[in-house]
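>>> Sequence below, structure please.
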Amino acid sequence: MKRFFRGLLCGIVLTVLVAGIGLYGFFNFTAQNDVQTKIFAPVLSPEVHPGLEALSAGFERSFEEVMPGIYLATGYGLANVVVIDAPDGLVMVDTLEGIEAAEGLLPEIRALRKQTGKDVTDIIYTHNHGDHVFGSGVFTSDQQTPVRIWAHENTANRVHDVVGVLRPILFLRSMRQFGSFLSEEDLINVGIGPFLLVNENSRVYFKEPTQIIEDKVVHLQIAGENLVIRQAEGETPDQLMLYLTDRDVLLPADNYYHAFPNLYAIRGTPYRDVLAWVDSIDGMIGLNASAMIPQHSQPVFGAAAIKTQLTDYRDAIQFVHDQTVRGINKGLMPNDIAGGLKLPPHLAAAPYLQEFYGRVDWASRAIFSGYLGWFSGDPKDLLPLSSKREAALMIELAGGREQLKQRIAEAMQRDEPQWALVLATHLRTSGDPDAAEMQALALIALGEREISATGRNYFLTSAAEARGFVIPQPKTWLTPQESLVGIPIHSYLELLQVSLKAEEVLDIEVAYCFNFSEPAEQYTMRIRRGVAVLQSGLAADCIGTLNAPTATFKAIAAKAINPAMALASGALTIEGGVTRFVKFMVNFEKRP
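Numbering: from 1, shown residues only. Purely as a prediction, here's the structure:
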């Protein structure tokens, strides 16, 4: 009988929740394809903002000793890697965005190991962003010497969070922001680096931290190198600023780079506390360092130059904050505040405050939302029309679809692509077959004039999508399974909760048990009239139980193991019958 049920399960689609390295949904195992040639989004935009194009010269690939005993790798990925030749070993600060980027740098690290006679003994994560942490396993697995990994107390949890419930939309929006599927002709740079080396074939190799920074300020000797590590909230809450005391060198992490700061990232981020960011920069200014090596952009030398640039940087941030709050208190709407906000001339002219990455208006809107939330204060926004209803009314107002198309063409002729995009989006919402191309042309026009690399990349990738390009999902099975070890098993089940088809279970109450081993963890997922509730332990009223080692479940989730094979081998078992399991799981949406 067991063989019969196992055979039955092998013949059906096993709807197992997927978390993998962040992709979530229900698992539909098919034979996985090998790595394929990268797919490009066809746009071919002929024009580029001249300032953005000139910026690329600073992102050329290099690995050089920028000052005695300190090496800087630029151009291997989005972020820089700093390597310190410390008395007792090599200390790496950050590790790039994945295996491919890290493997590009690995020959230089090997050569430096040979040159100095030292292995990498320590890695320091400045914060949780993927372009700083997802290549670490490449460097730790290339040598016999064990590597200590230092990080803020919240970094690992934030890495796990970022590959959690919002991973599908964050992946899509990140690919747009960084232009990862644009051709070499269309992708100029990403504002603070040449590119983000991530696509559907990319692999990550995150090593969990072993040394945790819990205190606000710590004085340490790492591999014989004296340094101060300070928690410095800014672009993320878990930023670590490093100061090499014997060398008088400041590593500001992502709290400074040669562009207006990304006080809001258009890929989507929680509110970034801009006043905390200002305080962190004030702390850096107080060090009066003679050299500053950012994790993006080129080093700055000379105490006077560093003080000037950091002072201007923090003043620009505070200016946007203060003037946004000033507008808020006048009762102005967020778009009106953002649209009228300009940096003072002395800041706007600074080459290190150009809007190549962040933008003043985006920052202002984020600050408004951070203080007051989504509601603008205008009562018309309390009960907004649906997109479809608003589109229908806009077409009616224009006198019909053909008349609206004429208005779109006129907007483009007047060089108002933003208004053309608004109208074309209404037209496309209505289902008009001509709207997508009109939308694409407006998006391309906006991208061509955009100084922010992230804005340009988002516009152009969106234009390709309007023309039918589909951003491919990452192939999670290509990633080493060791990268999944640190993700808590309950995180996989939490993804079920936000996938519940609530409208179909408003009258249903049912529970299913999940029994994991190695280590032992037990959970009950309870559907209760439109809500999926995750509870610890195995409830007595579960209609069935899935049993599996945590490593097996995670490997299945990442599509690295065929669930039918796991069932046949006994690594995965289901109590209560396959039919009940499938009946329970169909209450949740499948995800790609």
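
>>> Report the contact partners of the residue nearest to residue 193 when sequence neighbours are not counted.
Take residue 193 and drop its neighbours on the chain: the residue closest to it by CB to CB, 6 or more residues apart in numbering is residue 78, 4.0 Å away. Yep, even glycine has a C-beta here, placed from its N, CA and C like the rest. For residue 78, the contacting residues are 96-97, 131, 178, 190, 192-197, 296, by CB atoms under 8 Å, 6 or more residues apart in numbering.

>>> Likewise for residue 240?
When contacts are counted by CB under 8 Å, 6+ apart, residue 240 touches 124-127, 151-152, 213, 229-232, 253.

>>> could I get those as TSV with distance to residue 419 and neighbour count?
Below are these laid out as TSV (distance: CB to CB, whole Å; neighbours: other CB atoms under 10 Å):
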residue	distance to residue 419	neighbour count
124	48	27
125	44	27
126	42	30
127	39	26
151	47	25
152	45	25
213	49	22
229	50	22
230	47	20
231	45	20
232	42	29
253	40	31
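
>>> what about the helices in the stretch 51-200 of the chain?
99-116, 130-133, 136-140, 155-162, 167-177 (DSSP state H, counting those that start in this stretch).

>>> quick one: which of those is nearest residue 223?
Residue 223 lies closest to helix 99-116 among the helices of the stretch 51-200 of the chain, at 11.4 Å (CB to CB).

>>> Buried by neighbour count: which residues of the closest one qualify?
Using 16 or more other CB atoms under 10 Å as the test for burial, helix 99-116 gives 99-106, 108-109, 112-113.

>>> which among those gets closest to residue 69?
Nearest member of the buried residues of helix 99-116 to residue 69, counting by CB to CB, is residue 112, at 11.0 Å.

>>> For that closest one, report the pLDDT, please.
We note a pLDDT of 98 for residue 112 in this prediction.

>>> For the residue nearest to residue 193, give me phi and psi.
Dihedral angles of residue 78 (phi, psi; degrees, to the nearest 10) stand at phi -70, psi -40.

>>> picking up where we left off before, output the contacts of residue 78 in TSV; the columns should cover pLDDT.
What follows is those, written out as TSV (pLDDT from 0 to 100):
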residue	pLDDT
96	98
97	97
131	97
178	97
190	97
192	97
193	97
194	97
195	97
196	97
197	95
296	97
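
>>> Take those and keep only those in strands.
Within these, membership in strands is found for no residue, as judged by DSSP state E.

>>> Next, format these as JSON lines and append distance to residue 63 and neighbour count.
Output for those, formatted as JSON lines (distance: CB to CB, whole Å; neighbours: other CB under 10 Å):
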{"residue": "96", "distance to residue 63": "12", "neighbour count": "28"}
{"residue": "97", "distance to residue 63": "17", "neighbour count": "27"}
{"residue": "131", "distance to residue 63": "17", "neighbour count": "26"}
{"residue": "178", "distance to residue 63": "23", "neighbour count": "27"}
{"residue": "190", "distance to residue 63": "20", "neighbour count": "25"}
{"residue": "192", "distance to residue 63": "18", "neighbour count": "27"}
{"residue": "193", "distance to residue 63": "15", "neighbour count": "26"}
{"residue": "194", "distance to residue 63": "14", "neighbour count": "20"}
{"residue": "195", "distance to residue 63": "17", "neighbour count": "22"}
{"residue": "196", "distance to residue 63": "19", "neighbour count": "24"}
{"residue": "197", "distance to residue 63": "16", "neighbour count": "22"}
{"residue": "296", "distance to residue 63": "16", "neighbour count": "24"}
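
>>> about what we covered before: possible to save the buried residues of helix 99-116 as JSON lines with distance to residue 532?
As requested, the buried residues of helix 99-116 are exported to JSON lines (distance: CB to CB, whole Å):
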{"residue": "99", "distance to residue 532": "34"}
{"residue": "100", "distance to residue 532": "37"}
{"residue": "101", "distance to residue 532": "37"}
{"residue": "102", "distance to residue 532": "38"}
{"residue": "103", "distance to residue 532": "40"}
{"residue": "104", "distance to residue 532": "43"}
{"residue": "105", "distance to residue 532": "43"}
{"residue": "106", "distance to residue 532": "43"}
{"residue": "108", "distance to residue 532": "48"}
{"residue": "109", "distance to residue 532": "46"}
{"residue": "112", "distance to residue 532": "51"}
{"residue": "113", "distance to residue 532": "50"}
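
>>> Between those residues, which sits nearest residue 257?
Closest to residue 257, out of all of the buried residues of helix 99-116 and judged by CB to CB, is residue 101, at 17.8 Å.

>>> returning to what we had before: among the contacts of residue 240, which lie within strands?
124, 151-152, 213, 229-231.

>>> possible to save those residues as JSON lines with distance to residue 375 and pLDDT?
What follows is the ones in strands among the contacts of residue 240, written out as JSON lines (distance: CB to CB, whole Å; pLDDT from 0 to 100):
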{"residue": "124", "distance to residue 375": "41", "pLDDT": "98"}
{"residue": "151", "distance to residue 375": "37", "pLDDT": "98"}
{"residue": "152", "distance to residue 375": "33", "pLDDT": "98"}
{"residue": "213", "distance to residue 375": "38", "pLDDT": "98"}
{"residue": "229", "distance to residue 375": "40", "pLDDT": "98"}
{"residue": "230", "distance to residue 375": "37", "pLDDT": "98"}
{"residue": "231", "distance to residue 375": "33", "pLDDT": "98"}
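
>>> after the lengthiest helix in the chain, next one along is what?
Ordering each helix of the chain by length in residues (DSSP state H) puts helix 303-329 first. Using DSSP states H and E, the helix or strand that follows helix 303-329 in sequence is helix 334-340.

>>> what helices or strands is that following helix leaning on?
For helix 334-340, the elements it packs on are helix 303-329, helix 360-372, judged by 3 or more CB pairs under 8 Å, 6 or more residues apart in numbering; DSSP states H and E.

>>> Could you give the separation of it from the chain centroid?
Centroid separation between helix 334-340 and its chain, computed with CA atoms, centre = their mean, to the nearest Å, is 27 Å.

>>> List the buried residues in that helix.
Buried residues in helix 334-340 (16+ other CB under 10 Å): 334, 337-338.

>>> out of those, who's nearest residue 489?
For the buried residues of helix 334-340, the nearest to residue 489 is residue 334 (40.6 Å; CB to CB).

>>> give me every residue that touches that closest one.
364-365, 368-369, 376.

>>> top of those residues by neighbour count?
Using other CB atoms under 10 Å as the neighbour test, these are led by residue 364, with 26 neighbours.

>>> wait, that one sits on residue 322?
No. Using CB atoms under 8 Å as the test, residue 364 is too far from residue 322 to be in contact (10.9 Å).

>>> what pLDDT, on average, does stretch 158-177 get?
88.

>>> Output that stretch as CSV, restricted to C-alpha atoms.
In CSV, the C-alpha atoms belonging to stretch 158-177 read as follows (Å, rounded to 0.1, in the frame of the first residue of the first chain):
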residue,chain,number,x,y,z
ARG,A,158,18.3,40.6,6.9
VAL,A,159,19.8,38.4,4.2
HIS,A,160,17.2,35.7,5.1
ASP,A,161,14.5,38.3,5.0
VAL,A,162,15.5,39.7,1.6
VAL,A,163,15.1,36.2,0.1
GLY,A,164,11.8,35.7,1.8
VAL,A,165,8.2,36.6,1.1
LEU,A,166,8.9,39.5,-1.2
ARG,A,167,11.7,37.9,-3.2
PRO,A,168,9.7,37.4,-6.5
ILE,A,169,8.8,41.1,-6.9
LEU,A,170,12.1,42.3,-5.5
PHE,A,171,13.9,40.2,-8.1
LEU,A,172,11.8,41.6,-10.9
ARG,A,173,12.2,45.2,-9.8
SER,A,174,15.9,44.8,-9.1
MET,A,175,16.4,43.4,-12.6
ARG,A,176,14.7,46.5,-14.0
GLN,A,177,16.6,48.9,-11.7
